[in-house]
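> got a structure for you, letters missing:
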């Protein structure tokens, strides 16, 4: 009897010790920025069309698409921007949550290989401090397009680190956006942004507009330098520096402008770029040092487009 009690006590002690261990293992789950849906050879235009069909078939609404660049460091690229009711609902729950309402899916051709990829919903849900893990969106994208692997960081980042992410000391957090402009009303803010985007002010043009509830609208924008003097704000120039790995992060684009009430914001490049490319070095080839002027150049271009000063 004593032996049985001793064994029972040991089993219970072991169980108690394993419970916190299991919790720590779960807490240590790591996430990576992008999901590779598929890769392989084929016809680029056919792959774009098939991707759009798969997305609409899974209940996503296509709100825009564009080619950010071609015949550069990749042969071809097309970004399709979608949303659904789940994304719009979650976006309304938190400050700056609107930046997560549009979802980007990229088809990129490099040589004979065509890649389809998109930002990882489980990663962005934490990085953008949402009140949802976006698992439903994750499963919908996975079901529509596939999910061969996640990529963009060698080790990945934990949810805890993502929710307070900044690249290094002195660099911006998620809630340190560019404050681009303040207008007299929400309607005036929308009109100013639309007018300037239509005119291509500072090389910034509209890719899509997504209107959400509670006086929030999100614009996806293309950044193309009007001249060589403004090259530091140019999408192709910047991505040519940072997107050098075999698996491409084309779905980083397009950058968003958000009109929230009277105010116009954009996520700071030193946050947005860093959280999508967390392994990017500070110094050396293909590093932040090579695009050091870009955060200020983008701020200036987006401020002009927003009607700010």
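That came through fine. Since the model is a prediction, treat every value here as computed from it, not as a measurement.
> what's the helix or strand containing residue 211 packed up against?
Residue 211 is part of strand 204-212 when elements are defined by DSSP states H and E. Counting contacts by 3 or more C-beta pairs under 8 Å, 6 or more residues apart in numbering; DSSP states H and E, strand 204-212 packs against strand 61-66, strand 76-83, helix 186-199, strand 216-223, helix 294-306. Every C-beta, even on glycine, is put in place using the N, C-alpha and C of the backbone.
> what's it in contact with?
63-66, 79, 81, 83, 88, 91-92, 98, 101-102, 194, 196-198, 217-224, 254, 301-302, 304-305 (C-beta atoms under 8 Å, 6 or more residues apart in numbering).
> in its sheet, what does it sit against?
Taking DSSP bridges as the criterion, strand 204-212 forms sheet pairs with strand 216-223 (antiparallel).
> distance from the chain centre to the helix or strand that the partner strand is followed by, please.
Following strand 216-223 in sequence order, the next helix or strand is helix 235-242 (DSSP H and E). Mean C-alpha position of helix 235-242 versus that of the full chain (C-alpha atoms, centre = their mean, to the nearest Å) differs by 16 Å.
> mind listing residues that contact helix 235-242?
Contacts of helix 235-242 (C-beta under 8 Å, 6+ apart): 68-69, 72-73, 222-225, 231-232, 249-250, 252-255, 273, 277, 280, 286-287, 290-291, 294.
> can you go through those residues and name the buried ones?
68-69, 222-225, 231-232, 249-250, 252-255, 273, 277, 280, 286, 290-291, 294 (16 or more other C-beta atoms under 10 Å).
> quick revisit: quick one: closest of the helices and strands packed on strand 204-212 to residue 120.
Among those, the nearest to residue 120 by C-beta to C-beta is strand 76-83 (15.2 Å).
> could I get the pLDDT score of residue 192?
We have a pLDDT of 98 for residue 192.
> next, count neighbours for it.
18 (other C-beta atoms under 10 Å).
> got the contact list for it?
Applying C-beta under 8 Å, 6+ apart, the residues contacting residue 192 are 181, 183, 306-307.
> can you do 6 Å?
The neighbourhood of residue 192, defined by C-beta atoms under 6 Å, 6 or more residues apart in numbering, consists of residue 307.
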